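Student: Let's see this in three dimensions:
(chains A and B)
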Amino acid sequence: MSNSFIGRNPSILWFLLALSVFTIGVTLLSEATGTGLISTSFLKTLGKTLCLCLVAIAMDVVWGYCGILSLGHFAFFGIGGYAIGMWLMYARTEGIVTGSLSGSALPPTPQEVTDAIGTQIFGVVGSSEFPALWAFSHSLPLQLLAVVAVPGLLALVFGWLAFRSRVTGVYLSILTQAMTLALSLYFFQNDTGLRGNNGLSGLQNIPGLEAVPQATISLWFFWASAVALALGYILFAWVVSGKLGSVIRAIRDNEARVRFLGYHVESYKLFVFTLTAMVAGIAGALYYPQAGIINPAEIAPIASIYLAVWVAIGGRGRLYGAVIGAALVSLLSSWFTGGSAPPINLGFYVVKWTEWWLVLLGLSFVAVTLFFPKGIGGIFDYFERKRLPDRQGDYGPDKGALRQQEGVE
Amino acid sequence: MLRALLICIAILFSAPAAFSQTLQEVLQANSGAVSSPSRGTVDSLIEALSANPPPGVPEFLEQWRDRNVWMRESDGMFFYAVEQGDGLVLTDIDTGAEQTIDDDAGFDQLRPNAGVRRVVGSALVQFLLSDPDIGRREAALTSISRDPSADQLAPLRASIEDEPDTDILARKVQLERQLTAQFGDTAAERIEAIEYLSGDLSVEVRGVLSQILNARQGVAPELPQDTNVARILEPGEDMTIDEAYALLVDADLAPSTVSPGDIKTALTERIEDGQVNGIPVATLNTDAARIAAYQSLVDAGEAAPFITPEERAAAAAAHVFYVSYTEPNSDITAAAEEAERAIAVRLGVGQATDLTLDALSLASIYFLAAIGLAITFGVMGVINMAHGEFIMMGAYTGYVVQLFIPDYTLSIIVALPLAFAVTFGAGVAMERLVIRWLYHRPLETLLATFGISIALQQLAKNIFGTQARPLTSPDWLAGAWVLNDVVQISYIRIAIFVLALIFLALILFILKRTRLGLEVRAVTQNPGMAASMGINPDRINMLTFGLGSGIAGIAGVAIGLYAKVTSEMGSDYIVQSFMTVVVGGVGNVWGTLAGASLIGFTQKGIEWFNPSNTLAAQTFMILFVILFIQFRPKGIVALKGRAAGD
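Tutor: Residues are numbered from 1 along each chain as shown, chains lettered A, B, ... in the order given. This next block holds a predicted model:
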């Protein structure tokens, strides 16, 4: 037992237990079951948080385990959202358009329906033509495929280019950030065909489910997010354990040494980068129907940096750390910026949290980096006596390496 | 001889007498021509007014033209008047004295007709063009250039001779040539004027030429004889057959084609009992079915037949498509085309120069934004995500200084060193408190400085608000250096360029020629060895970081002068700045210069292909940078040997 997959990763069982208790609890308290203690909008927030946890795990694997500080994973998240959003918008507009055209004297031709949908969707950017990007938007399976394929392909091409030319460390981070900036600028343009800065909206209305109340749909999405998170956790726990995981962590600690040992470092990095990008896409596809709207600001470089912030606060190099960080910081953020946090009266100045939350977040982030490099997840080490690996000196000269004080086996 | 002398004497004596005459008296002398003007009488009146003009003639002509002159019936006196309720506000023509009258009975409004008004208008132009007030002459010229017409030519020519001011004289000559080119009497005269204009780049001249070359598309069974044809269009080559056929339809030379909309209308009109000509409506949900149903209508003779592509091609082939000039004289259009070509060449050169200047100024902005980073990131290897916020701090320092020192020149002189001091302090504090603990963990530096960056940004928002704050440049930096209508560059951009050059020299001097620079380079290469040579690495790191941050602050003042100061201005530059340093080559100031030039010129170059879309230019520029890194991972100026480190 101790050598089985679960035995080597006891956190999986704990995590799944906590997640299922949480899911059952929320389900029982939701409006759909009649209790109504958790409002539908808060249920959506919780569902969205689970998606953020999923993308945070992906980020943790690529950064905390593989040592690639990618500032582009939230862009992959956004692309997933756009991919599913295109189908949601198309299908819903199709329903509306067919309804309004059925009143006309002649039954509409397919071309007329497409034209009407185009006018309906692209009217805001002064166009009515369907851009090539929307070629598959009528088909749910193809767009679902795009949710994983587009981020995966993008990560594959970008990663291949970057890793091949041995761009590492901070240069790689800057390069991924440049990629994210280019993507968001591209999405901001009206003639890209993704409605410019209007983005895609009305995504919470699922075509074909008009009769089902939002409370129920939200619950379904919540369950879907929970299942996706659970599967993602198991998948990544498997990736980072065993021999594959050892190589991945070795790359983080000393890339050159792994290369000299005969491993093809680029392939491993590419595998991790692409796989995490695909999972980020899935998380985005589950997130945006709950958010209801997606626009290019969501994929701006700063979003990806926030993702790194969550992972760092939660604790890099452990999957549950990423989950804790993402859930805690994003929920706290929405609590503070939502205006429900009580202001602090200092007598001469009233601290309003909507104004000061970012300052607090920024400074606490500095504090975590300086004083608690292990993040919140480090607390668990006090409960469980971890074997510190008995190695001499520093972990290695590589700039991206975790240093000894934060290294756990 | 004696007779001539007598005439001279007579004129000499009559001149003062004429001057003593007031406008009202002149008008009274020509009372009939004023009160009931016609084309026949107006010329003599204008002649009388312009022979020995009493003061106030232009104003009278203007008021007369605008129907603001009224006549008192009792004594025939003229007044300017404005209606007020039932009454009038009268203004005396000579003295300007006002009086209000309750009832306009007994006063007649004078209403010159359109022909008279046109004559008056051109006379007015002449008066304004020789007005003693230089401002009014300028205004008159501006109004002519804005709305040129044939009847302005004669008064303009007449006014050139007596023009005392050289600038206005040049302007008058220029305008005269433009008007002659358009409205000259003879073709030779016009061609001469066009040739005169052929080297001129101004928007006006280009407008005049395009006015002369105004062309429209035409179609006819045969090429008409009396038109000035620019070129003949060949359907299938210069235009598609469909476009050609559409022109034929527009010119009523061919029956119109049947569009899907027409089919739909025709079918909808003939729906009976859910059927069209025996075909159930429900089946008409594809284009093919609709066309078949329409064809059945055509067969039944109830709808216009389709026009096959062959028929369209035949119709197009049977006609001549051409572009003809509205100007009938082909010599004139040929001369204008020649002139336009000459201008196009010079315009191309001008635009290229302008683009180069633009690119240079963008490059110097990137350079200024990135030079501080070239020190902190390039030389020290510290990723400082808060660099953009230091730029913002510098800009806000400038703004605050301007709140206290209203004189813009002085405030800029104070703001530059103060911004350096503020950001130097902030940089040193940040280095002492945060960065020095993270020298071995560069990725963490990135995140910690990012935390500082969002905290600083929000802090600026809390203090200064979210709206943009102005940082006003002094007057001598306002305007632009205008070479001609195409090439111009604002002084502020020149100043930024100069500032960038100064910084380049300063940084090079500090790094290469001073003790501090030597120590900086030593600590960067090998801190342990430097320390054993008696250099204090802590102190050097602190100073270097402060220097880089301080330069960011000065760059902030410069950038704030030409863009608005907002709390987010730093984040607009941070990614570009990092790319500038990475592309240029880390650890080398020359590299940063090369990187900034490359990025600036590339971006402007891409913008040139697609000027309306700067977002696309930025996107492609970033893609270009990503690809560039593939081929030169170490940047343009790569360090070699030991200096390159790992």
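
Student: just the helices in the stretch 1-150 of chain B please.
Tutor: Listed in chain order, the helices found in the stretch 1-150 of chain B under DSSP state H, counting those that start in this stretch are B:2-20, B:23-29, B:31-35, B:39-51, B:57-65, B:114-129, B:134-146.

Student: How about residues contacting stretch A:157-165?
Tutor: Where contact means CB atoms under 8 Å, 6 or more residues apart in numbering or on different chains, the residues beyond stretch A:157-165 that reach it are A:72, A:172, A:175-176, A:179, A:265-266, A:269-270, A:273-274, B:626-627, B:629-630, B:633. C-betas here are computed from N, CA, C, even on glycine.

Student: Now render the helices of the stretch 1-150 of chain B as CSV, adding mean neighbour count, distance to chain A and mean pLDDT.
Tutor: Rendered in CSV, the data for those read as follows (neighbours: other CB atoms under 10 Å in any protein chain shown; distance: least, CB to the nearest CB, whole Å; pLDDT from 0 to 100):
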stretch, mean neighbour count, distance to chain A, mean pLDDT
helix B:2-20, 10, 65, 50
helix B:23-29, 17, 58, 80
helix B:31-35, 16, 56, 78
helix B:39-51, 15, 52, 76
helix B:57-65, 20, 44, 79
helix B:114-129, 19, 42, 78
helix B:134-146, 16, 32, 80
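
Student: To residue B:355, which of these lies closest?
Tutor: helix B:134-146 (27.6 Å; CB to CB).

Student: who does the helix or strand following the closest one touch, helix- and strand-wise?
Tutor: Along the chain past helix B:134-146, the next helix or strand (assigned with DSSP states H and E) turns out to be helix B:153-160. Counting contacts by 3 or more CB pairs under 8 Å, 6 or more residues apart in numbering or on different chains; DSSP states H and E, the secondary-structure elements packed against helix B:153-160 are helix B:114-129, helix B:166-183.

Student: got the angle for helix B:153-160 vs helix B:134-146?
Tutor: Here the directions of helix B:153-160 and helix B:134-146 differ by 150 degrees (axes from the mean of the first three to the mean of the last three CA atoms, to 10 degrees).

Student: how about helix B:153-160: buried residues?
Tutor: Neighbour-count burial for helix B:153-160, with 16 or more other CB atoms under 10 Å in any protein chain shown as criterion, is recorded at B:153, B:155, B:156, B:157, B:159.

Student: go on, stretch A:87-103?
Tutor: Buried residues in stretch A:87-103, counted by 16+ other CB under 10 Å: A:87, A:88, A:89, A:90, A:91, A:92, A:93, A:94, A:97.

Student: now the helices and strands packed on helix B:153-160 in CSV, with distance to residue A:210?
Tutor: Formatted as CSV, the entries for the helices and strands packed on helix B:153-160 read as follows, by distance: least, CB to CB, whole Å:
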stretch, distance to residue A:210
helix B:114-129, 66
helix B:166-183, 66
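
Student: Where do the domain boundaries of chain B fall?
Tutor: Residue ranges of the domains in chain B are recorded as B:2-119, B:130-214, B:216-325, B:347-644, according to automatic domain parsing.

Student: Report the distance from the shortest one to the chain centre.
Tutor: Going back to what we said before, that points to domain B:130-214. 23 Å (CA atoms, centre = their mean, to the nearest Å).

Student: Against which helices or strands is whichever strand or helix holds residue B:601 packed?
Tutor: Secondary structure from DSSP H and E places residue B:601 in helix B:589-609. Contact here means 3+ CB pairs under 8 Å, 6+ apart; on that basis helix B:589-609 packs against helix B:330-373, helix B:491-513, helix B:569-584, helix B:614-631.

Student: per-residue confidence averaged over the second one?
Tutor: Same thing as helix B:491-513. When pLDDT is averaged over helix B:491-513, the result is 87.

Student: same check, this time on the last one
Tutor: Per-residue pLDDT values over helix B:614-631 give a mean of 81.

Student: what's the angle between it and helix B:589-609?
Tutor: Regarding helix B:614-631 and helix B:589-609, their directions subtend 140 degrees when assessed with the same axes, to 10 degrees.

Student: Which other helices and strands does helix B:614-631 contact?
Tutor: Based on contacts counted as 3+ CB pairs under 8 Å, 6+ apart, the elements that helix B:614-631 packs against are helix A:140-164, helix A:169-188, helix B:569-584, helix B:589-609.

Student: So which bits of the longest one are buried?
Tutor: The reference is to helix A:140-164. If you call a residue buried by 16+ other CB under 10 Å, then helix A:140-164 has these buried ones: A:140, A:143-144, A:146-148, A:150-152, A:154-156, A:158-163.

Student: which of the contacts of stretch A:157-165 sit farthest apart?
Tutor: Among the contacts of stretch A:157-165, the pair separated by the greatest distance (CB to CB) is A:265 and B:627, which sit 22.2 Å apart.

Student: Quickly, which of the domains of chain B bottoms out on average pLDDT?
Tutor: The weakest mean pLDDT among the domains of chain B belongs to domain B:2-119, with a mean of 74.

Student: Pull up the residues of the stretch 201-350 of chain A that are close to chain B.
Tutor: Residues of the stretch 201-350 of chain A lying close to chain B (CB under 8 Å from any CB of the partner chain) are A:301, A:302, A:305, A:308, A:309, A:312.

Student: Which residue is the nearest non-sequential neighbour of the fifth one?
Tutor: Closest residue to residue A:309 apart from its sequence neighbours, by CB to CB, 6 or more residues apart in numbering or on different chains: residue A:365 at 5.6 Å.

Student: Counting neighbours, what do you get for that neighbour?
Tutor: Each residue near residue A:365 was counted by other CB atoms under 10 Å in any protein chain shown, and the total is 24.

Student: could you list every residue that touches it?
Tutor: Going by CB under 8 Å, 6+ apart, residue A:365 touches A:309, A:312, A:313, B:447, B:448, B:450, B:451, B:454.

Student: do you know how far it is from residue A:292?
Tutor: 29 Å (CB to CB, to the nearest Å).

Student: One more: residue A:209?
Tutor: Spatial separation of residue A:209 from residue A:292 under the definition CB to CB is 14 Å.
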